[in-house]
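below are the sequence and a predicted model; questions follow.
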Amino acid sequence: MRPFRPAIEPRDLNATDKTRANHIVDRVLALDAATAELQLADVLQNFQGRHRNLLEAFESRADDMEDAFAAHKNFTRVQRRLVGAYFLHEYSFEAAALFNPSIVDHPDQSNVLPGSRRFILSVRAVGEGHISSLTFRTGTISVDGIVTLDPTAPLASIPKVQSRTTGPHGDEVELVFRPDEDVSERVIFPVTLTQSNGIEDARFVKFDAGDHIVYYATFTAYSGREIRSELIATTDFLSFRITPLQGTAARNKGMGLFPRKFGGQFAMIARHDNENLYLIYSDDLHVWNGGAAILKPQFPWEFVQIGNCGAPIELDEGWLLLTHGVGPVRKYSIGAVLLDKDDPSKVIARSREPLIRPEPAEREGYVPNVVYTCGAMRHADQIILPYAISDTFCNFANIRIDALIGMLD
C-alpha cells in the first residue's frame, strides 16, 4: 500500500495538489456519521487481511496529510480514518518483472546447521509504469551448496521515512521497517525525486569495517530523465540510510564496492564512460572521481560494452569480478575476470567465452536475450550465483571455484 497524492507537475514524490486534496476531504466530511461509518466498514471488509494494521495505516496517512487538511475543522476518528483511506492505493510492485538479484550473508546466522549459511537476496521489482523498487528474499545454502528459498510472506510493506536531510547533492533519507515485518515483506520504493522512476540494480556487499560489518549497496537512481548512483547502508536490513554519491564516476550505472579497504582507502569498480570498467580509490565513501581503466571490451560477446556484476569476491587466487557483456542484437551474457589480490588494477585472467548466456528456450521475457546478476557470493569451494533471465525470473548457478579459475586465461 502506497500514498496516493493528487500530483502537481512536474512530478514530485512529495508534492500534493492541495486544492484537489481538500475537495476530497470536503466530500468525506459532507457524509453523515452513519454513512461515514458504513463506508469505512465497507473499505475494511474489502481490504482487511490484504495489509498489516490497516486502520493504523489509515490514521498514519491522515497524519501525513495534515498540511492539506489545515483548512478543515477537527475530524472525528471515523472521518480521519476514512480520509486516510482515500489517500492510499495498492501497487503491485513486482507485477511486470522481477530480476537482477544480489546475494549476501544474512546478519543473523543463529540456528544454522554447521557448514550451511543463511542469506538475503535483493531483487529489482518492476510494477505499473515501469517503476523499479527493491525487494528481498531469504534462504539457506546447505553444506553441499543446495540453495533453498524461504516461503515469502503474503503481505508487503514500505518503510517509514524516519528522517530526510536535503543537501546540495540531493536528499539523504533514513528508512525504518517494523520489526514484525518479515524480510520478504519489505519493499524499498522510490522516496526522492531523483529516484522517482526507479531504484535499479542494487549491488549489495558485506563490508568489513574492522570492528563491525555494514551492508552497502550501490544502485542506480532514475528520475525518468536522468540517472545517478546512490548508496544504501544497513546493518540489519531493518533500517536503511540512502545517500547520493558524488563525483564524475557516480554519473553512470553499475558501481561495485570492494568488501574491504586497501591501504585505508575505499575501492570501487565503476563504468562512467558507457564502455569500460575503471578501478577507483577514494578516501570518502560518498565521493568518487577519475580512476584507471582496467578492462575494455575485447571479445565479440562484449563488443558493445562491459559492466560489473556486483562487488568483487575475494578468493585465494585473487579478486573474482563477475562481468556482463553486450553483444550482437544487445544480447547480454555473464563472464568473469580475476584481479590481483594486492593490486586490483592488474588483470590476471579473464573469460574468453561467457559463463552464462541466454538459452533459446528462455530468451523471451520483459527484456529478451538477457542474463544478468548484481552479485554472487563464495560458499566453501563454490560460487553461488543468482541471476535473472530475460528480466522475468531468477535462477541460481553453482560454480566450483577451481573449475572457474581453470576457464580463465
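Cool, the structure landed. Numbering: from 1, shown residues only.

give me the domain ranges for this protein.
Here the domain parsing of the chain from automatic domain parsing is 2-89, 97-407.

what's the end-to-end length of the shortest one?
In domain 2-89, first residue to last residue: 5 Å (C-alpha to C-alpha, to the nearest Å).

quick one on the thing from earlier: quick one: the domains of the chain as JSON lines, columns for mean pLDDT too.
Shown next, in JSON lines, are these (pLDDT from 0 to 100):
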{"stretch": "domain 2-89", "mean pLDDT": "85"}
{"stretch": "domain 97-407", "mean pLDDT": "96"}
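
the one helix or strand Ile242 maps to pairs with which strands?
Assigned by DSSP states H and E, Ile242 falls within strand 239-244. With DSSP bridges as the test, strand 239-244 is paired with strand 170-176 (antiparallel), strand 227-234 (antiparallel).

can you list contacts of it?
The contact list for strand 239-244 (C-beta atoms under 8 Å, 6 or more residues apart in numbering) reads 159, 162, 167, 169-177, 188, 191-192, 194, 221, 228, 230-234, 250, 286. (Each C-beta comes from the backbone N, C-alpha and C, glycine too.)

just name the most buried of the domains of the chain.
Neighbour counts (mean count of other C-beta atoms under 10 Å) averaged over each of the domains of the chain peak at domain 97-407, with a mean of 18.

now that one, how far from the centre of its chain.
Mean C-alpha position of domain 97-407 versus that of the full chain (C-alpha atoms, centre = their mean, to the nearest Å) differs by 8 Å.

and what of stretch 40-57?
Remark: stretch 40-57 is offset 28 Å from the chain centroid, using C-alpha atoms, centre = their mean.

could I have the CA atoms of that stretch written out in CSV?
C-alpha atoms of stretch 40-57 as CSV (Å, rounded to 0.1, in the frame of the first residue of the first chain):
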residue,chain,number,x,y,z
LEU,A,40,-15.3,2.8,6.5
ALA,A,41,-16.8,-0.7,7.3
ASP,A,42,-17.0,-1.4,3.6
VAL,A,43,-13.4,-0.4,3.0
LEU,A,44,-12.3,-2.7,5.9
GLN,A,45,-14.3,-5.6,4.5
ASN,A,46,-12.6,-5.2,1.1
PHE,A,47,-9.0,-4.7,2.3
GLN,A,48,-8.7,-6.3,5.7
GLY,A,49,-6.3,-9.2,5.5
ARG,A,50,-4.5,-7.8,2.4
HIS,A,51,-2.5,-5.4,4.6
ARG,A,52,-1.0,-5.3,8.0
ASN,A,53,-2.5,-2.9,10.6
LEU,A,54,-5.0,-1.4,8.2
LEU,A,55,-6.6,1.1,10.5
GLU,A,56,-3.2,2.3,11.7
ALA,A,57,-2.2,2.8,8.1
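
identify the residue nearest the spatially most central residue of the chain in space, chain neighbours excluded?
Closest to where the C-alpha atoms of the chain average out (C-alpha atoms, centre = their mean) is Leu134, at 3.6 Å. Spatial nearest neighbour of Leu134, excluding adjacent residues (C-beta to C-beta, 6 or more residues apart in numbering): Ile188 at 4.2 Å.

correct me if wrong: the one you found contacts Ser157.
No. Ile188 lies out of contact with Ser157 (C-beta atoms under 8 Å); the separation is 10.4 Å.

give me the phi and psi for the closest residue to Gln265 other than its chain neighbours.
Leaving aside its sequence neighbours, Gln265 sits nearest to Tyr281 (C-beta to C-beta, 6+ apart; 4.5 Å). The phi and psi torsions at Tyr281 (degrees, to the nearest 10) take the values phi -110, psi 150.

next up, the contacts around Tyr281.
By C-beta under 8 Å, 6+ apart, the neighbours of Tyr281 are Phe262, Gln265, Phe266, Ala267, Met268, Gly291.

the helix or strand containing the third one: partners in the sheet, and parallel or antiparallel?
In other words, Phe266. Using DSSP H and E, Phe266 maps to strand 266-270. If you go by DSSP bridges, strand 266-270 pairs up with strand 256-257 (antiparallel), strand 277-282 (antiparallel).

who touches Arg81 in this structure?
Leu40, Leu55, Phe58, Glu59, Ala62.

how about the residues you listed in JSON lines, adding distance to Gln246 and secondary structure?
JSON lines is the format used below for the contacts of Arg81 (distance: C-beta to C-beta, whole Å; DSSP: H, G, I helix; E, B strand; the rest coil):
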{"residue": "Leu40", "distance to Gln246": "47", "secondary structure": "helix"}
{"residue": "Leu55", "distance to Gln246": "42", "secondary structure": "helix"}
{"residue": "Phe58", "distance to Gln246": "39", "secondary structure": "helix"}
{"residue": "Glu59", "distance to Gln246": "39", "secondary structure": "helix"}
{"residue": "Ala62", "distance to Gln246": "37", "secondary structure": "helix"}
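
which stretches of the stretch 51-200 of the chain form strands?
For the stretch 51-200 of the chain, the strands defined by DSSP state E, counting those that start in this stretch cover 88-89, 97-105, 117-127, 131-141, 147-149, 160-167, 170-176, 187-188, 198-208.

helices and strands around the fifth one, which ones?
Think strand 147-149. If you count contacts as 3 or more C-beta pairs under 8 Å, 6 or more residues apart in numbering; DSSP states H and E, strand 147-149 packs onto strand 131-141.
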